[in-house]
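K.L.:
just the structure for this:
(one chain, ligands or ions: 1)
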Amino acid sequence: MHPRETVDRALHLSTLGLIDRQVAELCNVSIGAVQKWRTGSRRTNDFEDERRHRCCPRCHGRKFDSQAYAYLLGLYLGDGHILLGKKGVYQLSLACCATWPGLTEAAGAVLSAVMPTSSVSYRTLSGYIEVKSYSKHWACLFPQHGPGRKHERKIELEQWQREIVDLHAADFVRGLMHSDGYRGMNRVRRHFNGSDRWYEYPRYLFSNESTDILALCGEALDTLGVEWRYNKPNQLSVAKRAAVERLDEFVGPKY
Ligand SMILES: [Zn+2]
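P.N.:
Predicted structure coming up:
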């Protein structure tokens with residue numbers, strides 16, 4: 001199997017008028033191969049099929065964008081789900097709030113970056129947009145999928161996922177915050193010199209029903225040295241000024 005670039009180069013040289021032997025020498029392949037590519041015509045389509053069928057980073061060792069994956073994993077754990085459809089094809093869908101078109105666009109872009117052989121589709125539902133991609137291999141990339149809701153089952157990362165999350169903790173946290181997170185102003189009343197005063201400060205909240213997912217968020221924040229605490233059993237908050245400023249560097253308000 002020759003790389004696509006070699007096939008393309010050989011075909012290009014042929015169209016320039018070089019004979020098969022010259023093309024073969026220049027591309028360092030056999031004359032037979034050049035002949036087959038030039039006359040067999042289906043060779044490039046075969047290559048395309050091959051590329052589609054060997055699309056999985058887990059099953060086929062395809063190189064993939066692990067930084068994009070870290071963000072997508074955050075989105076998936078927040079607002080995503082995987083369904084098994086016909087013929088063993090999985091549907092990965094992300095529920096994006098219609099209020100934030102920039103985040104919907106980012107979700108589509110990251111699905112394409114992680115699984116470039118699958119196209120992305122959008123469906124508008126009441127109040128949100130479903131961003132979807134189909135592949136037989138989504139389940140390989142998200143072994144956390146399973147029946148029922150995420151908070152009703154154990155969510156644990158596999159070793160290879162942990163390595164990616166450690167390496168790209170900021171992207172993972174950004175994905176979590178862009179799905180189930182929120183940056184807003186908190187108003188607190190303080191008693192001072194005999195009178196009440198109101199103070200406002202920005203903070204981040206991350207809410208999720210799954211204690212496992214909350215813990216993963218906390219661990220990634222620890223990796224980044226961002227101070228956080230549990231605000232409620234199903235919510236963690238980042239409120240210290242330095243910690244908020246650190247998150248502002250790579251998360252920021254929704255858009
Ligand atoms: Zn696979």
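K.L.:
can you classify residue 226 by secondary structure?
P.N.:
Under the three-state scheme (DSSP: H, G, I helix; E, B strand; the rest coil), residue 226 adopts coil.
K.L.:
if I look at it, how far off is residue 234?
P.N.:
Residue 226 is 19 Å from residue 234, where distance means C-beta to C-beta, to the nearest Å. (Each C-beta comes from the backbone N, C-alpha and C, glycine too.)
K.L.:
and these two? which has more neighbours close in?
P.N.:
residue 226 (22 against 16; other C-beta atoms under 10 Å).
K.L.:
tell me who's in contact with the closest residue to residue 95 other than its chain neighbours.
P.N.:
Leaving aside its sequence neighbours, residue 95 sits nearest to residue 79 (C-beta to C-beta, 6 or more residues apart in numbering; 4.5 Å). Taking C-beta atoms under 8 Å, 6 or more residues apart in numbering, we find residue 79 in contact with 94-96, 179-180.
K.L.:
so of the residues you listed, which ones are in strands?
P.N.:
Mapping the contacts of residue 79 onto strands (DSSP state E) picks out 94-96.
K.L.:
run through the strands of this structure in chain order.
P.N.:
Under the criterion DSSP E, the chain contains strands at 80-84, 90-97, 120-125, 128-135, 181-192, 195-207, 229-232, 235-238.
K.L.:
show me where this protein dips below the pLDDT cut-off.
P.N.:
Residues of the chain meeting the criterion pLDDT under 70: 41-52.
K.L.:
which residue is the nearest non-sequential neighbour of the most centrally placed residue in it?
P.N.:
With distances taken as C-alpha atoms, centre = their mean, the chain has residue 72 as the residue nearest its mean C-alpha position (2.1 Å). In this structure, residue 72 finds its nearest non-sequential neighbour in residue 110, 4.8 Å apart by C-beta to C-beta, 6+ apart.
K.L.:
how many other residues sit next to residue 251?
P.N.:
21.
K.L.:
swap in residue 13?
P.N.:
Neighbour tally, residue 13, other C-beta under 10 Å: 19.
K.L.:
touching, it and residue 23? I think so.
P.N.:
Yes. With contact defined as C-beta atoms under 8 Å, residue 13 reaches residue 23; the gap is 4.6 Å.
K.L.:
between the contacts of residue 79, which is closest to residue 194?
P.N.:
residue 180 (41.2 Å; C-beta to C-beta).
K.L.:
contacting residues around the residue nearest to that closest one when sequence neighbours are not counted?
P.N.:
Sequence neighbours aside, residue 78 is the residue nearest to residue 180 in space, at 4.0 Å (criterion: C-beta to C-beta, 6+ apart). Residue 78 sits next to 175-176, 178-181, 208, 213 when contact means C-beta under 8 Å, 6+ apart.
K.L.:
got a winner among those for most neighbours?
P.N.:
residue 175 (31 neighbours).
K.L.:
can you tell me how far the closest residue to it other than its chain neighbours is from the ion?
P.N.:
Excluding the flanking residues, the one nearest residue 175 by C-beta to C-beta, 6+ apart is residue 74, at 2.0 Å. The spacing between residue 74 and the ion, counted by C-beta to the ion, to the nearest Å, is 21 Å.
K.L.:
next, count neighbours for residue 74.
P.N.:
If we define neighbours as other C-beta under 10 Å, then residue 74 has 29 of them.
K.L.:
again, but for residue 61
P.N.:
For residue 61, the neighbour count with other C-beta under 10 Å is 9.
K.L.:
next: residue 108.
P.N.:
A count of neighbours around residue 108, defined by other C-beta under 10 Å, yields 20.
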